[in-house]
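In: got a predicted structure plus its sequence, pasted below:
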Amino acid sequence: MVDGPRRTLREPLRGRGPRVAPLFPLPKVFLFPGCVMPLHVFEPRYRRMVEDLLDGTGQLVMGTVEHGHADELAGSPPVRPVAGLGEICRHERLPDGRYLVWLFGLTRVRIREAASDKPYRRVAVEPLYEIAPPKEREPDLRWRLAAAILARCDASTRLPERIPISCLADLLLQRLGLPQAELEPLFEELDVEQRAERVLAADARRSTRGTRSRRGTSDD
């Protein structure tokens, strides 16, 4: 049963200083701006969180649990200081009380633990602002990122012409399948040109390793 239609997304943190939002911590998960993340919410405290959010802003922080603490999810594992602020854009309540939730990524935020009178954690949230690349370097960055993304997709894939370079860098980053330790600093990099160059370098390294692996298999 679908409890509600698609929500009208709110402007993230507009006209506000730091504020408090619920925290949903998961290991190896990064919520990128502009992406939709499906979630299966079954733990009682997070079902309560969804119910509270549906009566309010619908916005929560998807926090990435620090490497090596995935076995502490029943408690309060440490999370990365940079996270993704998202908003529930659609939800479905199942007969047994579980939720299927579609979370739309709004922006990167810096977080710190805050007091909570709820069964779930809350964090103070501050928006983070990206540094745009120099105009003269945008065409080259755009071409290289698009080429790298399309090389990892099927032939029918098309990219919008005016997609922001920050989104292109994030798209390529998501296609690489990097381990968490490598993905963390790239996700948290706010200088778009630096993020793009570092993601392109990671793509080149993985492509080189893949070529060497295939050659080794063929030689055998």
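Out: Received, thanks. On a predicted model such as this, the values are computed, not experimentally measured, just so you know.
In: and the residue at minimal distance from the centre of the chain, what is it in contact with?
Out: With distances taken as CA atoms, centre = their mean, Leu31 lies nearest the centre of the chain, 1.5 Å away. Listed by CB atoms under 8 Å, 6 or more residues apart in numbering, the contact partners of Leu31 are Met37, Met62, Ala83, Gly84, Leu85, Gly86, Leu103, Gly105. Glycine gets a C-beta too; all of them are placed from N, C-alpha and C.
In: wait, which of those is closest to Pro127?
Out: Leu85 (7.8 Å; CB to CB).
In: mind checking the SS state of the closest one?
Out: Look at Leu85: counting by DSSP: H, G, I helix; E, B strand; the rest coil, its state is strand.
In: what's the biggest strand in the chain, counting residues?
Out: Taking DSSP state E as the criterion, the chain has its longest strand at strand 99-114.
In: okay, now the domains of this structure?
Out: 19-127, 135-215 (automatic domain parsing).
In: what's the least confident stretch among those?
Out: Mean pLDDT per stretch puts domain 135-215 lowest among the domains of the chain, at a mean of 90.
In: ranges for the helices of the protein?
Out: Assigned by DSSP state H, the helices in the chain fall at 44-54, 138-151, 165-176, 180-188, 192-219.
In: gap between Glu130 and Pro164?
Out: Distance check for Glu130 against Pro164: by CB to CB, to the nearest Å, it reads 9 Å.
In: the helices of the chain: which one's closest to Pro78?
Out: Judging the helices of the chain by CB to CB, what sits closest to Pro78 is helix 180-188, at 12.8 Å.
In: tell me which of the domains of the chain is the most buried.
Out: Comparing these by mean neighbour count (mean count of other CB atoms under 10 Å), domain 19-127 comes out on top with a mean of 17.
In: quote the end-to-end distance of that one.
Out: Terminal residues of domain 19-127 lie 10 Å apart, using CA to CA, to the nearest Å.
In: residues contacting the residue lying closest to Glu182 once chain neighbours are set aside?
Out: Excluding the flanking residues, the one nearest Glu182 by CB to CB, 6 or more residues apart in numbering is Ala202, at 6.9 Å. By CB under 8 Å, 6+ apart, Ala202 lies in contact with Leu173, Leu176, Leu178, Glu182, Leu186.
In: in JSON lines: those residues, plus distance to Asp154.
Out: Formatted as JSON lines, those follow (distance: CB to CB, whole Å):
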{"residue": "Leu173", "distance to Asp154": "19"}
{"residue": "Leu176", "distance to Asp154": "17"}
{"residue": "Leu178", "distance to Asp154": "21"}
{"residue": "Glu182", "distance to Asp154": "25"}
{"residue": "Leu186", "distance to Asp154": "24"}
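In: can you name the two of those residues that sit furthest apart?
Out: Going by CB to CB, the pair spanning the contacts of Ala202 furthest: Leu173 and Glu182, at 9.9 Å.
In: for Lys118, find the nearest of the helices of the chain.
Out: helix 44-54 (7.1 Å).
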